[in-house]
Every structure is written in structure tokens, then in C-alpha cells.
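Engineer: My questions are about this predicted structure, shown below with the sequence.
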Amino acid sequence: MGPKFRVAICGAGIGGLTAAVALSDFPDIEIEIYEGAAQLAEVGAGIGLFPRPWEIIRRLGLEEELLKLCEIKPTDGPVTSFRYRKSDQAEGFDFYTLVTNGNLMVFHRADFQQVLLRRLPETCQAHCSKRLRSYIQRPSEPIELLFEDGSTTTCDVLIGADGLKSAVRRSFMDEKAERAQSQAADLNALIDPVWSGTNAYRALIPAERLKARVSDHPVFSRPTQYLGKDGYIIAYPIAHGKMINFVAFSARHDLENTTFDGPWMSTTDKTEFAGMFSHWEPEVQDLIECVDKPLRWAVHTVRPLDSFISGRVALIGDAAHAMLPHQGSGAGQAIEDVYILATLLGHPNTTRDTLDRALEIFDHVRRPKAHKVQEGSRINGQRFSFHGYDFDELRGEELLDALHSFSEAFTKSWEWAWTTSIDGSVQEALRMLEI
């Protein structure tokens, strides 16, 4: 007996591979992965998962192997997380400590990918150098995939997990524009990513270099976010304390949703951002002095889509809702997409004939939540760079009261990541499918 249907996944990043692992729990679904790159190699420094997506990792049977790669162990109950400092002045000061229910699990992205690859069944084939050009979807027929190398294949369900510059999203919008030509201009505007107005400067600082400068720098023991007007810095130890992960965000909120002029990612010199922080406190200057050859990342996103599905095509992860990094939830949201989608596709009620219904339910359940997190991440980025706040006009108790309210606001918008579960979404999806 053959498979009940065939799923093609475009993109072998965290979202695409997790989708393949989740779907492999259902042996009657045939899975193939198509990756545009010549080899399966993740880029990017790290991936962080709060308790809500970590519970999904546990359910997928990935926890044990991932924990071998991580010095952190999952903890229940209150955990001290980042300390927050107002740093855009000669003498900075702590004003808040974030406490989460359970801890943030942090991994090197390439290590995480290798665990996923090892979990793929032999029946799941991954094809490299297969960059999608477009797809053709006709009623009652398999979807035809056309690749840049001229080859073609077919599938019953296409999952677009091909990231920020998604080829699936481009073809998806072209398909929608053909069906609704009066809306073509609006739909075409949703294809290309837009710049957030923020650049991130990333670097790994050898702990010995920082120790040689300041032997007892607080960041060795306390993950810290240094906040100020028009930017912020985040720093914390990784690799068993041998390195300090450093990211400086430089924000121009007036340039949000514009086109970035230049390469989105490039190695640069710290002089490109150091001047902006030159009046910040010594604790920040000591970190910046230790930065060497930072990677500049022009932070892009996608405009909110009115649907993550078109017929039997579904977008997940960054292809659907690329979000800014200010809630550390991009990978977690892709994992949530995958879990709901696999639950629906693997259900006995889902057959070739009812695929459209399963994907409609996925869109109904996931899109509002993903958009809420996408907007929350955007607002947190504004808060962390004091956009709309005039703290420098305040003094004494008045300043401390304002910072206290500010801390409550960003925590309240973020606490879903460690105080809620995906169970409500799963139950809603199953209820709709089983009607």
C-alpha cells in the first residue's frame, strides 16, 4: 500500500528539518526535502528556545540528544534571566532582572541541525542544489515543482520553509495575484522582505580577551541587556564560558519598512557602530573594545500576510512570518508551525481529498498567534531602544518608577513564551478537524 500523500519541503533549515522529523512519526506520509544550497550547512550563531517551544522538542523525542550539546539543563520554576541596565550615560545602573518560568535553552545552530538530520528516517530524502523557481497548482492534480536547474517533480502538499527570501512565497503570491488581479499590487508588495531600520552587529568575544581587560566584568556571571536611546547591546557567556556572545543593535525606527542599501550581511569594522555607543557607560566600552571583525546584519522582516496557505501549499517559519529577534522567538514560532501542521496532516481524518481543509485549519490556528508574536517582537525592539520614551528627562524616584512600568510592559508582552503551552492551539485544531 502506497503513501496516503506526498509532502515536499522546500528548505532544510530549522523549520524544514523539524517539519520532516515531526511528519516522520506518520509512516503513511512520504517526505522529500529540497534545499537550494549545495550542502546542508546552517549559518548563524545561535538558536534559543523558551519553555513553550522546548515542550514541543520534548514531544518530538529530540530533548535527550540536544541536551548532550548544551551546558544548560531545563529547569522548572522561576529562573533568573537577563539583568537590564540603563547604559546610555557616563554611569549606568541596573533597574530590572527578568525572571522566567523555566529557562532559555541555547544551542549553536549547526549543532541543532545535525541532531535533526540524524533523526530523519532513511525513507526521507534530502536533495541539495534544488532551488525552487516556481510551482504550478491545479485542482485534483499533484503540485508541480520547477527548480532553477530545470528539473521538475510533483507532490500533494508543498511546505515553504525556505526562509526570508522564500521562493515559495514569491510563487504563492503570484498564484494569488492571478486569481485576484484587482489585488495584484497589494499581493506583490508582500513578496519581498523589508528592512526594519535596525542593524545588528554580532561578534564572539574570547573570554580571555575580556578578562585581560576587566577580570571581573559582570557579564561573565550575569547575561545582560544594556539599553539606551536608539540602540541596545546584549551579551552573555556561551561555549562553557569560553566566549561571550555579543550583539549591538543600532536602530533607526524612522527607516522601518524601507529598502536597505547594501548587502544584508557582511563583515565590517567595529568603528561602524562604536561611535553610536561612545557616550555609554564603561561596562559597555570594555565589551566594545574587545570586539573584532563583527558581522553586520541588516535586520529584515516580511509584512504580515493575509494567509499562510494557498490550496495545498503552506508557508512556515520565516517564509510566513519572519520576525525581529527582540523576543528570541523566531525559531520557536517555526517549531510551533511545524507541530500544528504535522498534527493535522498526520491525523486519520486527513487524506488526499481533505488536504485543503487541514491546511485551512492550520492557517486559522497559527496565523493570529504568529502575527501577535511578530508584532510583540517589533514592539520590544522599540522599547529596548527607548523609542517613544524620554527617560533622560526624569530623575530619582520618578525615573525608577518609569523604568519599573517600562519593565512590566515588555515582560507582559513576552511572558507567553514561558507561561503558556501550545496545547490550546492543538486542541482547537483537532476540534475543527474532527467536526
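Structural biologist: Everything's here; your move. Everything quoted here is computed from the prediction, not taken from an experiment. Numbers count the residues shown, from 1 in each chain.
Engineer: all contacts plus neighbour counts: C-alpha atoms, from now on.
Structural biologist: OK.
Engineer: Quick one: list the elements packing against the longest helix seen in the chain.
Structural biologist: Looking across the chain with DSSP state H, the single longest helix is helix 355-384. Helix 355-384 is packed against strand 309-310, helix 318-321, helix 330-345, helix 396-412, helix 423-433, with contacts defined by 3 or more C-alpha pairs under 8 Å, 6 or more residues apart in numbering; DSSP states H and E.
Engineer: hey, which of these is tucked in deepest?
Structural biologist: Comparing those by mean neighbour count (mean count of other C-alpha atoms under 10 Å), helix 318-321 comes out on top with a mean of 26.
Engineer: Report all helices and strands that it contacts.
Structural biologist: Looks like helix 318-321 contacts helix 167-179, helix 355-384 (3+ C-alpha pairs under 8 Å, 6+ apart).
Engineer: and the shortest one, average pLDDT?
Structural biologist: Predicted confidence along helix 167-179 averages 91 (mean pLDDT).
Engineer: Give me the contacts around it.
Structural biologist: 10, 132-135, 160, 162, 183-185, 187-188, 190-192, 310, 313, 315, 319-320 (C-alpha atoms under 8 Å, 6 or more residues apart in numbering).
Engineer: can you redo the helices and strands packed on helix 318-321 as TSV with distance to residue 91 and mean neighbour count?
Structural biologist: Converted to TSV, these look like this (distance: least, C-alpha to C-alpha, whole Å; neighbours: other C-alpha atoms under 10 Å):
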stretch	distance to residue 91	mean neighbour count
helix 167-179	48	19
helix 355-384	18	20
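Engineer: can I get the ones you listed in a markdown table with distance to residue 94?
Structural biologist: Output for the helices and strands packed on helix 318-321, formatted as a markdown table (distance: least, C-alpha to C-alpha, whole Å):
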| stretch | distance to residue 94 |
| --- | --- |
| helix 167-179 | 43 |
| helix 355-384 | 14 |
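Engineer: do you know which of those helices lies nearest residue 73?
Structural biologist: Among the helices and strands packed on helix 318-321, helix 355-384 comes nearest to residue 73, with 25.5 Å by C-alpha to C-alpha.
Engineer: Report the angle between the closest one and helix 396-412.
Structural biologist: If you take axes from the mean of the first three to the mean of the last three C-alpha atoms, to 10 degrees, helix 355-384 sits at 170 degrees to helix 396-412.
Engineer: what about the closest residue to residue 318 other than its chain neighbours, neighbour count?
Structural biologist: Distances taken as C-alpha to C-alpha, 6 or more residues apart in numbering place residue 163 nearest to residue 318, at 4.7 Å, with adjacent residues excluded. By the criterion of other C-alpha atoms under 10 Å, residue 163 has 24 neighbours.
Engineer: quick one: residue 163 and residue 321 touch, right?
Structural biologist: No - look at residue 163 against residue 321 with C-alpha atoms under 8 Å: they stay out of range, at 9.3 Å.
Engineer: show me the contacts for the spatially closest residue to residue 16 that is not a sequence neighbour.
Structural biologist: Distances taken as C-alpha to C-alpha, 6+ apart place residue 161 nearest to residue 16, at 5.1 Å, with adjacent residues excluded. By C-alpha under 8 Å, 6+ apart, the residues touching residue 161 are 9-13, 15-16, 315-319.
Engineer: Same question for residue 115.
Structural biologist: The neighbourhood of residue 115, defined by C-alpha under 8 Å, 6+ apart, consists of 62, 65-66.
Engineer: Next secondary structure after the one helix or strand residue 21 maps to?
Structural biologist: Here residue 21 sits within helix 14-23, counting by DSSP states H and E. Remark: after helix 14-23, the chain's next helix or strand is strand 29-34, criterion DSSP H and E.
Engineer: just checking, what packs against that following strand?
Structural biologist: If contacts are counted by 3+ C-alpha pairs under 8 Å, 6+ apart, strand 29-34 sits against strand 5-10, helix 14-23, strand 125-127.
Engineer: returning to what we had before: quick one: pLDDT of the residue nearest to residue 16?
Structural biologist: 97.
Engineer: Identify whichever of the helices and strands packed on helix 318-321 lies nearest to residue 54.
Structural biologist: helix 355-384 (16.6 Å).
Engineer: can you list the domains in this structure?
Structural biologist: Domain assignment for the chain by the TED database gives 5-73+108-193+305-388+414-434, 194-301.
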